[in-house]
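Colleague: Prediction below, plus the sequence it came from.
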Amino acid sequence: NAGVTQTPKFQVLKTGQSMTLQCAQDMNHEYMSWYRQDPGMGLRLIHYSVGAGITDQGEVPNGYNVSRSTTEDFPLRLLSAAPSQTSVYFCASSTEVGNTEAFFGQGTRLTVV
Amino acid sequence: GDSVTQMEGPVTLSEEAFLTINCTYTATGYPSLFWYVQYPGEGLQLLLKATKADDKGSNKGFEATYRKETTSFHLEKGSVQVSDSAVYFCALRHGNNRLAFGKGNQVVVIP
């Protein structure tokens, strides 16, 4: 019962570097999403996908790219890291059937120096 | 747009005290409502949910009732334990399936 798996758990980047945060789920969920969590801000939606080949922007998409080539995987790419992207990132998945709960990964703590 | 508002500030209380965390929402239609809990160093876990008005979600001694007339979904527990120390998030979801979260409340239970 792996659920939603995120890697890495921790990462330190220098300003301007790029990296990819990995997210995989084994529940055959159609809907996947990325959030960032910042103190006092709750969780804010970055990007989401309703199925393979379909992605869309959330509240705070700038500086991030996503793709969804398979149902299982939904990587988040930081093109040129900035200190403002220091945050904890969570991936989540759920069925497309309306009003069901989302399942979350353990999170990736990213620091950009 | 859809939004969730949680009461401001952390909550500190003694073991066996009564816990209430307020949550109100703004949404069109009838969203599903959720409480998630985040223990230190972990991701969010679903605590309970309610999918229609007057439903009561319950789990691990926590309860919340979907109140359409007051657009609220307050979380309560009658007797908290140290192990309940965590961050609690209220959330809603409907329509386009996007989740909207409140800002969360840190709960600290003192022995």
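Modeller: Alright, I've got the coordinates.

Colleague: And the strands in chain B?
Modeller: Listed in chain order, the strands found in chain B under DSSP state E are B:3-6, B:11-14, B:19-21, B:23-26, B:32-38, B:44-50, B:56-59, B:62-65, B:75-77, B:86-94, B:98-101, B:105-110.

Colleague: Looking at those strands, which is nearest to A:Met19?
Modeller: Nearest to A:Met19, of all the strands of chain B, is strand B:44-50, at 23.0 Å by CB to CB. Glycine gets a C-beta too; all of them are placed from N, C-alpha and C.

Colleague: Quick one, grab the pLDDT at B:Gly43.
Modeller: B:Gly43 carries a pLDDT score of 88 in this model.

Colleague: Excluding chain neighbours, what is closest to it?
Modeller: A:Phe104 (4.1 Å; CB to CB, 6 or more residues apart in numbering or on different chains).

Colleague: and that neighbour, how many neighbours does it have?
Modeller: The number of residues packed near A:Phe104 is 24, by other CB atoms under 10 Å in any protein chain shown.

Colleague: wait, it sits on A:Val88?
Modeller: No - the criterion here is CB atoms under 8 Å, and A:Phe104 misses it with A:Val88 at 11.2 Å.

Colleague: is stretch B:75-85 anywhere near chain A?
Modeller: No - where contact is defined by CB under 8 Å from any CB of the partner chain, no part of stretch B:75-85 touches chain A; the two come within 15.3 Å at best.

Colleague: in that stretch, what's buried?
Modeller: B:75, B:77, B:80, B:84-85 (16 or more other CB atoms under 10 Å in any protein chain shown).

Colleague: Just the closest of these to chain A, please.
Modeller: Checking the buried residues of stretch B:75-85 against chain A with CB to the nearest CB, the nearest one is B:Leu75 at 15.3 Å.

Colleague: what's the nearest residue to that closest one once chain neighbours are set aside in contact with, if anything?
Modeller: Using CB to CB, 6+ apart and skipping the chain neighbours, the partner closest in space to B:Leu75 is B:Ile21 (4.4 Å). In this structure, B:Ile21 makes contact with B:6-7, B:11, B:74-76, B:88, B:90, B:105, B:107, judged by CB atoms under 8 Å, 6 or more residues apart in numbering or on different chains.

Colleague: what about 7 Å?
Modeller: Residues in contact with B:Ile21 (CB atoms under 7 Å, 6 or more residues apart in numbering or on different chains) are B:6-7, B:11, B:74-75, B:88, B:105.

Colleague: try A:Ser93
Modeller: Contacts of A:Ser93 by CB under 7 Å, 6+ apart are A:4, A:25, A:27, A:29, A:31-32, A:102-103.

Colleague: any idea how far B:Leu46 is from it?
Modeller: 13 Å (CB to CB, to the nearest Å).

Colleague: partners of the residue sitting nearest the centre point of chain A in the sheet?
Modeller: Of all residues in chain A, the one closest to the mean position by CA atoms, centre = their mean is A:Trp34, 2.9 Å from it. Note on A:Trp34: beta-bridge partners by DSSP bridges are A:His47, A:Cys91.

Colleague: Then the one 4 residues further on?
Modeller: Partner residues in beta bridges with A:Asp38, using DSSP bridges, are A:Gly42.

Colleague: Good, wrapping up.
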